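# Sequence first, predicted model second:
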Amino acid sequence: MLTAQLAALPALLPMVPSILRGRPLLPSCATCEAIVLNRVPQSERARIHGALVHESGKVYREMIFGTFRVDAQKVRCPLLVVGGSDDRVVSVTLLRATAKYYGAALKLYEGRGHWLLEEPGWDKIASDIGAWLRTTLAVPAPLPVAS
């Protein structure tokens, strides 16, 4: 079950009718800023919001009410759970529970929010994920590019 952090609830309220009806939804820019873009520089937020498309209210509803389950025994690939300590959607508690449920590694980034790969320091996160993939999948590191 995915429940938003308390700080996000006021911004989520306008979306509740669409979520309950399972209707497509596109959060307002203000909602996105409050919930998922809280650690993205202010100057980038409108651009990011402008590129968003409608999301499934039905999927939101299923996540919130926990009406679907994934059998961890059927997941056969390596998993890495990645999240930020300041994410207003996915709590640190939920990140830890997800990693435990799947027997997966957890990489938690302090001071990061939900939109990890467009927040300052995204290159460190991408590098860490690349290193995890190379180690986990036994893939050699890329060769340096000749200049």
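That came through fine. Numbers count the residues shown, from 1 in each chain.
# Check the spacing between the residue nearest the centre of the chain and residue 25 real quick.
Nearest to the geometric centre of the chain sits residue 114, at 5.0 Å (Cα atoms, centre = their mean). Residue 114 sits at a distance of 16 Å from residue 25 (criterion: Cβ to Cβ, to the nearest Å). The way it works is simple: take the backbone N, C-alpha and C, and place the C-beta from them, glycine included.
# which residues in the protein form helices?
Per DSSP state H, the chain carries helices over the ranges 9-12, 16-21, 29-35, 42-50, 57-65, 92-102, 122-137.
# of the ones you listed, which approaches residue 82 most closely?
Distances from residue 82 to each of these were compared by Cβ to Cβ, and the smallest falls on helix 122-137, at 6.7 Å.
# Check what contacts that closest one and list those residues.
Helix 122-137 is contacted from outside by 78, 80, 82, 105, 107, 109, 112, 116-117, 139-141, using Cβ atoms under 8 Å, 6 or more residues apart in numbering.
# I'd like the residues you listed as TSV, with distance to residue 31, pLDDT and neighbour count appended.
Formatted as TSV, the contacts of helix 122-137 follow (distance: Cβ to Cβ, whole Å; pLDDT from 0 to 100; neighbours: other Cβ atoms under 10 Å):
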residue	distance to residue 31	pLDDT	neighbour count
78	34	94	14
80	28	98	15
82	23	98	19
105	32	95	14
107	27	98	15
109	23	98	20
112	19	97	22
116	19	97	19
117	20	94	10
139	39	71	10
140	43	70	6
141	40	68	9
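# And the pLDDT at residue 147?
Reported pLDDT at residue 147 in the predicted model: 64.
# One more: residue 100?
Residue 100 carries a pLDDT value of 97.
# I'd like to know how many residues surround it.
Residues within reach of residue 100, counting by other Cβ atoms under 10 Å, total 12.
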